[in-house]
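Colleague: build me a model from this:
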Amino acid sequence: MTTAVPAKDVRENIPIEFDFTSDLGAETITAIAMTVVPMVGADVAPSGLLNGSPTSASGIVTQWVHAGVSGVIYHVICQVTTSGGRILVLTASLPVSG
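Modeller: As a prediction, this is how the structure comes out:
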């Protein structure tokens, strides 16, 4: 499932949240992997959009993002592994301006 996130200015540092609560049941998140891919436009180092490591609390994963290339729309992919061994994925579409 892809969620559209409001546009971010290249100077901003903002959090993006991925809500896995409805998919977890009694399971917990045991591992998180974040990937960034440009959907529109070009960025030679798209992972530079990520600022620090993602955190998880009560089934919600938060990843801070900063910088980016103006005019690029990024596909931010959050993959989690659950205590039951399942792999779940949520994505966000993040346009960058400025």
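Colleague: and the gap between residue 4 and residue 23?
Modeller: In this view, residue 4 and residue 23 are 20 Å apart by C-beta to C-beta, to the nearest Å. C-beta coordinates here come from the backbone N, C-alpha and C atoms, glycine included.
Colleague: out of the two, which sits in the busier spot?
Modeller: Higher neighbour count among residue 4 and residue 23: residue 23, with 14 against 10, using other C-beta atoms under 10 Å.
Colleague: leaving out sequence neighbours, find the closest residue to that one.
Modeller: residue 88 (5.4 Å; C-beta to C-beta, 6 or more residues apart in numbering).
Colleague: what's across from the one you found in the sheet?
Modeller: For residue 88, the beta-bridge partners are residue 80 (DSSP bridges).
Colleague: now swap in residue 60 and tell me
Modeller: Assigned bridge partners for residue 60, using DSSP bridges, are residue 19, residue 57.
Colleague: what's the helix or strand of the chain with the lowest mean pLDDT packed up against?
Modeller: When the helices and strands of the chain are compared on mean pLDDT, DSSP states H and E, strand 2-4 comes out lowest with a mean of 81. Strand 2-4 sits against strand 87-97, with contacts defined as 3 or more C-beta pairs under 8 Å, 6 or more residues apart in numbering; DSSP states H and E.
Colleague: in this protein, what spans have low per-residue confidence?
Modeller: For the chain, applying pLDDT under 70 flags no range at all.
Colleague: and the spatially most central residue of the chain, helix, strand or coil?
Modeller: By C-alpha atoms, centre = their mean, the chain has its centre lying nearest to residue 76, at 4.2 Å. Put simply, residue 76 is strand when judged by DSSP: H, G, I helix; E, B strand; the rest coil.
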